[in-house]
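Q: My questions concern the predicted model and sequence given below.
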Amino acid sequence: MRLGRPVTVLDGVFGIADSHIRAAAGLDVVAGFGFKDGERSLLECPPAFEKRMHMWTWRSRASKSWRNRRTASCGMRLFAGDRRGLVPHCKVETHDFSSKIVGQRTGYPINLGGMQQDEIWDKAAAQHYDTPGVGMFAPEVLDPTVDRLAELAGDGAALEFAIGTGRVAVPLAGRGVPVTGIELSQPMIEQLRTKAGEETIPVVVGDMATATAPGKFTLVYLVFNTISNLLTQQEQVACFRNAARHLSPGGRFVIELWVPELRQLPPGRQATVFHSEPGYIGLDTYDVVKQHVVSHHFRFGEGREASLFRSPHRYIWPAELDLMAQLAGFELESRHADWVGAEFTADTRSHVSVYRL
């Protein structure tokens, strides 16, 4: 990581979130976290911040990895409709902010966008992904999802792209819907196998944009913003085409995705705070040319330490998503703000879109 001119300065980011971090830092100003010259994974600060924060240390806790590719929670509640992902296991070593991001397993500097998905969703991520009864596993989040998918599947079978540990697939199979999955991460599949065997939920190991599962399906679904983990437009279009290959005539492809929040990005700024509450700040940095966003998750307590987790995504506008669908032979059947059918409006933060062959 290079130090030097800060990318962006966000006034009062910590002040917005929590008085504890202001007291610990002695500041109401924090350096911006953003892109510069096409690079990701930047953490830069102005000299004044460096001088006053030289004792502050950011450290990730590998035992509390994020996963949602999606959004995930490891000890913090999930914000429904939000799309924050697991951040690769990394730590920021800080001594008066002469810092660099270091991969814990490899020791080499990380470019988040360059990490492979099977590196991100490793054993530690799989072990700490499930949060039964809370976050994205809360009944008020999960039950409407399963209800709607069961309705759309009808009497046919369903295929889940990026099935993960079976958060949705297991209860959907419990409703009597035959479910097959595609999943790139072997550790995530192993975690799924603690809940359901291969005979109950078969899984093909592979990339959701290219892997093929046997059979035909009435429903293919991709939930909790996972399509944004594909970091190029070409991969995202390929994902649509792969869904079409698996569907019977008249079948449906369902995508749950957040709406890009660029209206909150003032001119000249490259970062926004997407959520703040005591002990947590969520910050997004944007590359609007590549349509890339890195979500930064800061968690902190009363002391001098905080954890930093980050995840890369490619954001997609609803209109662009519809064009991808058309290229694969789909038509938009419906779009709602959630799984229970709330109206999609200009102020909606996420959507559930149903495409039909």
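A: Arrived safely, thanks for sending.

Q: Spell out the secondary structure type for residue 276.
A: strand (DSSP: H, G, I helix; E, B strand; the rest coil).

Q: That one and residue 299, how far apart?
A: 12 Å (C-beta to C-beta, to the nearest Å). Bear in mind the C-beta positions are built from the backbone N, C-alpha and C, glycine included.

Q: Check residue 331 too.
A: Distance from residue 331 to residue 299, by C-beta to C-beta: 42 Å.

Q: show me where the stretch 251-357 of the chain has strands.
A: 271-277, 280-287, 292-300, 305-314, 331-336, 350-356 (DSSP state E, counting those that start in this stretch).

Q: what's the third one packed up against?
A: Secondary-structure packing of strand 292-300 (3 or more C-beta pairs under 8 Å, 6 or more residues apart in numbering; DSSP states H and E): helix 19-25, strand 280-287, strand 305-314.

Q: neighbour count winner among residue 331 and residue 299?
A: Neighbour count, other C-beta atoms under 10 Å: between residue 331 and residue 299, residue 299 has more, with 20 against 11.

Q: contacting residues for residue 233?
A: 291, 314, 320, 324 (C-beta atoms under 8 Å, 6 or more residues apart in numbering).

Q: Could you identify the buried members of those?
A: 291, 314, 324 (16 or more other C-beta atoms under 10 Å).

Q: so which of those comes closest to residue 154?
A: residue 324 (24.6 Å; C-beta to C-beta).

Q: And the pLDDT at the closest one?
A: At residue 324, the model reports a pLDDT of 98.

Q: who's in contact with it?
A: By C-beta under 8 Å, 6+ apart, the contact set of residue 324 is 233, 236, 237, 240, 316.

Q: gap between it and residue 343?
A: Separation of residue 324 from residue 343 (C-beta to C-beta): 23 Å.

Q: And for residue 243?
A: Noted for residue 243: a distance of 26 Å to residue 343, by C-beta to C-beta.

Q: which one of those two has more residues nearby?
A: It is residue 243, of residue 243 and residue 343, that has more neighbours when counted by other C-beta under 10 Å, with 29 against 9.

Q: ok, the more buried one - contacts?
A: Shown in contact with residue 243 (C-beta under 8 Å, 6+ apart): 161, 220, 222, 253, 328.

Q: count of neighbours near residue 158?
A: For residue 158, using other C-beta under 10 Å, the count is 26.

Q: which parts of stretch 215-231 are buried?
A: So, applying 16+ other C-beta under 10 Å, buried residues of stretch 215-231: 217-231.

Q: which one of those is nearest residue 145?
A: residue 223 (6.5 Å).

Q: quick one: contacts for that closest one?
A: Taking C-beta under 8 Å, 6+ apart, we find residue 223 in contact with 70, 145, 160, 168, 254, 256.

Q: now it: how far from residue 176?
A: Distance of residue 223 to residue 176, given as C-beta to C-beta: 19 Å.

Q: mind listing the helices for the stretch 101-250 of the chain?
A: Assigned by DSSP state H, counting those that start in this stretch, the helices in the stretch 101-250 of the chain fall at 117-120, 123-127, 139-153, 169-174, 186-192, 233-246.

Q: can you tell me how far residue 163 sits from residue 276?
A: 32 Å.

Q: One more: residue 235?
A: Residue 235 is 32 Å from residue 276, by C-beta to C-beta.

Q: Then residue 123?
A: Distance from residue 123 to residue 276, by C-beta to C-beta: 31 Å.

Q: which one of these two has more residues nearby?
A: Applying other C-beta under 10 Å to residue 123 and residue 276 shows that residue 276 carries more neighbours, namely 18 against 14.

Q: ok, what's across the strand from the more buried one?
A: residue 281 (DSSP bridges).

Q: wait, it sits on residue 282?
A: Yes - Residue 276 is within contact range of residue 282, at 7.1 Å (criterion: C-beta atoms under 8 Å).

Q: can you pull the contacts of residue 188?
A: 121, 125, 126, 129, 163, 164, 165.

Q: what about the second one, distance to residue 187?
A: Plainly put, residue 125 is 7 Å away from residue 187 if you go by C-beta to C-beta.

Q: Assess the claim that residue 286 and residue 264 are in contact.
A: No - judged on C-beta under 8 Å, residue 286 makes no contact with residue 264 at a distance of 10.2 Å.

Q: So for the two, which sits in the more crowded spot?
A: Ranked by neighbour count (other C-beta under 10 Å), residue 286 and residue 264 place residue 286 first, with 22 against 11.

Q: can you pull the pLDDT of that one?
A: 94.

Q: same deal with the one 3 residues further on?
A: At residue 289 the predicted local confidence, pLDDT, stands at 92.

Q: how many neighbours does residue 179 have?
A: Residue 179 has 28 neighbours, counted by other C-beta under 10 Å.

Q: which residues touch it?
A: Neighbour list for residue 179: 157, 158, 159, 160, 169, 172, 173, 201 [criterion: C-beta under 8 Å, 6+ apart].

Q: Thought residue 172 was touching the last one, still the case?
A: No - distance between residue 201 and residue 172: 9.2 Å, which falls outside the contact criterion (C-beta under 8 Å).
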